[in-house]
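Novice: okay, sequence plus prediction incoming.
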Amino acid sequence: KAEVKIKNDLNINYDILVRKGLIKDTGKLIKNILKGNRALIITDDIVNKLYADIVKESLEKENIITSLCVLPNGEANKNIESINNIFSSLAENELSRKDIIIALGGGVIGDMAGYAAAVWMRGIDFVQIPTTLLACVDSSVGGKTAINIKEGKNLVGAFHSPKLVIIDSNTLLSLPKREFNGGMAEVIKHAFLFDEALLELIEAHIHNNTNLDIDFILKRNCELKAHIVEIDYKEQKERMFLNFGHTIGHSVENAAGYGVLLHGEAVAIGMVFAIEYGIKKGITKDKNILERAKNILSKFSLPIHIPDNINLKDSIKLDKKRSDDKINFVFLESIGKPYIEKVSINDIINY
């Protein structure tokens, strides 16, 4: 197995396990950390048909009383109505503070299940079993949980870390190509921010048609993100680097309407914007970065231009990183060297 540990001064520590076929061992793994005897699996109506029975049987084999909450798939359902449905399931199935929530699905399910866990009885344990590439390399690691409201993405949430992350790369085989490519946007983001060798590995894949070692990709991305989370859990400095591409990305995603663009597609647009903006401001010195970014993103069928007829003005103003009329914007000085500068929202809008 590949194992990544997160440990920091807040005494938040947990394992991220990566192995093909690992989902079948869920019951044994949960048994080791469960204080009570009940578990609620939270999933969506697509993942439910694929993996919920495997996880449920594995838990029941360990005599864990298991129930299921199935929500509609998609970003448009990451809202307070879905959270209320989770609360009803938790109440009906009598989950106490000693019991556990299992998030089985992509980032939407992980964010909602984590948020429900953060506030149910003022906080209970939860486990992430991500089944999309995006969730594996990004949202399942780091303890950020949230829901959307009509005014913006992830504006209501809490920091609440999982007790364990179980990654079975076999689950990625059922992903539609568009979903897989959307996850690659976050992989590419981590590579530009922290690891040029990882970027070169992906470039070799797209130019030479070599196979991607997906377990290595998963483990390496978890290592990169885990390191940042360890040193800056509450996003005071270094963790802000992970917002590269997200200022415009979240705004485009919101302005287009939830579900029109995948999160990774919006982040791809945001990364290209950030590099172009950095070149214009004289922060990004190596202009070759722009061509590398456009090339690698395009090879994964990811968009690189802001769609026509999208008004970003109101969306950008609701960004969580905003302070008065300025925002912490993540630039790239060079590959592996991110840089944050406060810029005015109007300057971004005008550009």
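Specialist: Cool, the structure landed.
Novice: from now on I want contacts and neighbour counts done on CA atoms only, so please keep to that.
Specialist: Will do.
Novice: contacts for the host helix or strand of A204, please.
Specialist: Using DSSP states H and E, the element containing A204 is helix 196-208. Residues outside helix 196-208 that contact it (CA atoms under 8 Å, 6 or more residues apart in numbering): I188, A191, F192, T210, N211, L212, I296, K299, I335, G336.
Novice: hmm, try it at 7 Å
Specialist: Helix 196-208 has contacts (CA atoms under 7 Å, 6 or more residues apart in numbering) with I188, A191, F192, N211, L212, I296, K299, I335, G336.
Novice: filter these down to the buried ones, ChimeraX style.
Specialist: Here is the ChimeraX command that picks out the buried ones among these, judged by 16 or more other CA atoms under 10 Å:
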select :188,191,192,296,335
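Novice: tell me where the stretch 101-250 of the chain has helices.
Specialist: Along the stretch 101-250 of the chain, counting by DSSP state H, counting those that start in this stretch, helices occupy 107-119, 133-134, 177-194, 196-208, 214-231, 246-256.
Novice: just send the ones you listed back as TSV, with mean pLDDT too.
Specialist: TSV is the format used below for the helices of the stretch 101-250 of the chain (pLDDT from 0 to 100):
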stretch	mean pLDDT
helix 107-119	97
helix 133-134	96
helix 177-194	96
helix 196-208	93
helix 214-231	92
helix 246-256	90
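Novice: now those in JSON lines, with distance to K98?
Specialist: Shown next, in JSON lines, are these (distance: least, CA to CA, whole Å):
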{"stretch": "helix 107-119", "distance to K98": "12"}
{"stretch": "helix 133-134", "distance to K98": "30"}
{"stretch": "helix 177-194", "distance to K98": "33"}
{"stretch": "helix 196-208", "distance to K98": "40"}
{"stretch": "helix 214-231", "distance to K98": "26"}
{"stretch": "helix 246-256", "distance to K98": "36"}
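Novice: out of the ones you listed, flag the one nearest D44.
Specialist: Nearest to D44 among the helices of the stretch 101-250 of the chain is helix 107-119 (7.1 Å), distances taken as CA to CA.
Novice: list the buried residues for the closest one?
Specialist: Applying a neighbour-count criterion of 16+ other CA under 10 Å, one finds G107, V108, I109, G110, D111, M112, A113, G114, Y115, A116, A117, A118 buried in helix 107-119.
Novice: same deal with stretch 144-160?
Specialist: When neighbours are counted by 16+ other CA under 10 Å, the buried residues of stretch 144-160 are found to be K144, T145, A146, I147, N148, G152, K153, N154, G157, A158, H160.
Novice: got the contact list for the fifth one?
Specialist: So the one you mean is N148. Residues counted as contacts of N148 (CA under 7 Å, 6+ apart) are K78, N79, N154, L155, V156.
Novice: so what's D195 closest to, chain neighbours aside?
Specialist: Among residues not flanking D195 along the chain, G336 sits closest, at 5.8 Å (CA to CA, 6 or more residues apart in numbering).
Novice: can you list the residue ranges for strands in the protein?
Specialist: Counting by DSSP state E, the chain has strands at residues 2-7, 13-18, 38-44, 65-71, 100-105, 125-130, 144-149, 152-159, 164-167, 322-323, 326-334, 337-344.
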